[in-house]
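Engineer: Pasted the sequence and its predicted model underneath.
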Amino acid sequence: GRGTMDMINEIGRWLQEKEVLPTALERLGMADKLAEIVLISLGITVLLGILSCFFGLKLARFWSFLTVFVIGTGAAAAVAMQITSDETLSGIIGLAAGIILAIVFAILKRAGMFVTAFVLGAALSIYWLRPANLIWLLVCVGIGLVFALLTIKLFVPVLMLLTGVTGAVCISQAGTVLLGHAGVELERWMVTLAFAVLAVLGILVQFLMESGKRQKLHLKKAAEIREQNSTENEDRKSTRLNSSHMSESRIPQRMKWIKPELFWMKSLKKKSRQRKKYIQRLFLMQKSWKWNLKMNLKTMTRMRKTKK
């Protein structure tokens, strides 16, 4: 907090030494309005920080729109200034190009999140490393590119981490300046602790919201599967009923009052009775054959005795 206030004070002293801004503001009568504009800007920064910290993943398209709009507008205006010297025309071209690019990248969610992750990763690296030369600046750009490439495979966790940490930085720094303006001075460790707590809370809230969303999707899918299975069971029941009706239609007219199950049972009983009769006949035939053999043997023995 004190570092930010010291930086603002140094900028103010430089402007006073050069006597550029004070005279212009006094002539325009905007000295008091500038402080209001700064306070409003800090308030907007805190609000965006809250949205980024706790709803970063849900507002993914909004962040991609905002990021690409700022970058596209600045880049298109700079290119237009090189082509034409008209500042108004360059600003209109830059604004139009920024809006078109922002809409395109907001529709293409993955591409927009790639750019957003690159910008947030590079910005956080610059904020913490504070590069003093070109080599360290390229290192910060490389860190941003690593985060952007990670979004290809780890889209959700990377966005949670970046938006949670970025929102915590915005809230802690802009909030410290606003509190300092209100007369509340915070120690450096307080600001660091507030940043850490906000970052952890923001990532945790986003994780819980995403898990709840996925749970709802799973429940919805399970309900669809259950409904599909129930319709399949109903179709099977209807086919069974149709087949039973068809089997009933094949029964002769005089036996329509008999159920199909009873009809088939009676036919099985009839077959079993026929088989029993057949076995009984075989048994009788076998018995008669034995009896005939016995009688023949008796007659033969009698004949032998009479011959003797």
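Structural biologist: Looks like it arrived, so ask away.
Engineer: list the contacts for residue 90?
Structural biologist: By C-beta atoms under 8 Å, 6 or more residues apart in numbering, the residues touching residue 90 are 77, 80, 81, 84. C-betas here are computed from N, CA, C, even on glycine.
Engineer: That one: which element?
Structural biologist: With secondary structure defined by DSSP states H and E, residue 90 is part of helix 87-107.
Engineer: Check which residues of that helix are buried.
Structural biologist: 90, 93, 94, 97, 98, 101, 102, 105, 106 (16 or more other C-beta atoms under 10 Å).
Engineer: Rebuild those as CSV, extending it with distance to residue 183 and pLDDT.
Structural biologist: Shown next, in CSV, are those (distance: C-beta to C-beta, whole Å; pLDDT from 0 to 100):
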residue, distance to residue 183, pLDDT
90, 43, 85
93, 45, 88
94, 40, 87
97, 44, 90
98, 39, 89
101, 43, 90
102, 39, 90
105, 42, 87
106, 41, 85
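Engineer: And the residues you listed, which two are furthest apart?
Structural biologist: For these, the farthest-apart pair by C-beta to C-beta is 90 and 106; their separation is 24.1 Å.
Engineer: pLDDT wise, what is residue 3 at?
Structural biologist: Here the pLDDT value assigned to residue 3 is 49.
Engineer: Does anything pack onto the helix or strand encompassing residue 36? Which helices or strands?
Structural biologist: In the assignment (DSSP H and E), residue 36 maps to helix 31-55. Packed against helix 31-55 by the contact rule (3 or more C-beta pairs under 8 Å, 6 or more residues apart in numbering; DSSP states H and E) you find helix 21-28, helix 155-181, helix 188-250.
Engineer: looking at these, which is buried most?
Structural biologist: Across the helices and strands packed on helix 31-55, the average number of neighbours (mean count of other C-beta atoms under 10 Å) peaks for helix 155-181, which reaches a mean of 21.
Engineer: Show the average pLDDT along it.
Structural biologist: Mean per-residue pLDDT for helix 155-181: 89.
Engineer: what angle separates that helix from helix 31-55?
Structural biologist: Angle, helix 155-181 to helix 31-55, by axes from the mean of the first three to the mean of the last three C-alpha atoms, to 10 degrees: 150 degrees.
Engineer: Give me the local confidence score for the most centrally placed residue in the chain.
Structural biologist: When C-alpha atoms, centre = their mean is applied to the chain, the residue found nearest the centroid is residue 214 (6.1 Å). On pLDDT, residue 214 comes in at 80.
Engineer: so who does residue 115 touch?
Structural biologist: When contacts are counted by C-beta under 8 Å, 6+ apart, residue 115 touches 64, 67, 68, 71, 105, 148.
Engineer: low pLDDT regions in the stretch 201-308 of the chain?
Structural biologist: For the stretch 201-308 of the chain, the stretches flagged by pLDDT under 70 are 232-269, 286-287, 289-291, 304-305, 307-308.
Engineer: Do I have it right that residue 56 meets residue 165?
Structural biologist: No - in this structure residue 56 lies outside contact range of residue 165 using C-beta atoms under 8 Å: 9.5 Å.
Engineer: Return the distance of the residue nearest to the centre of the chain relative to residue 152.
Structural biologist: 20 Å (C-beta to C-beta, to the nearest Å).
Engineer: With residue 168 instead?
Structural biologist: Distance from residue 168 to residue 152, by C-beta to C-beta: 25 Å.
Engineer: Over to residue 160?
Structural biologist: Distance, residue 160 to residue 152, using C-beta to C-beta: 16 Å.
Engineer: Mutual contacts of residue 56 and residue 165, please.
Structural biologist: In terms of C-beta under 8 Å, 6+ apart, residue 56 and residue 165 are both contacted by the residues residue 202.
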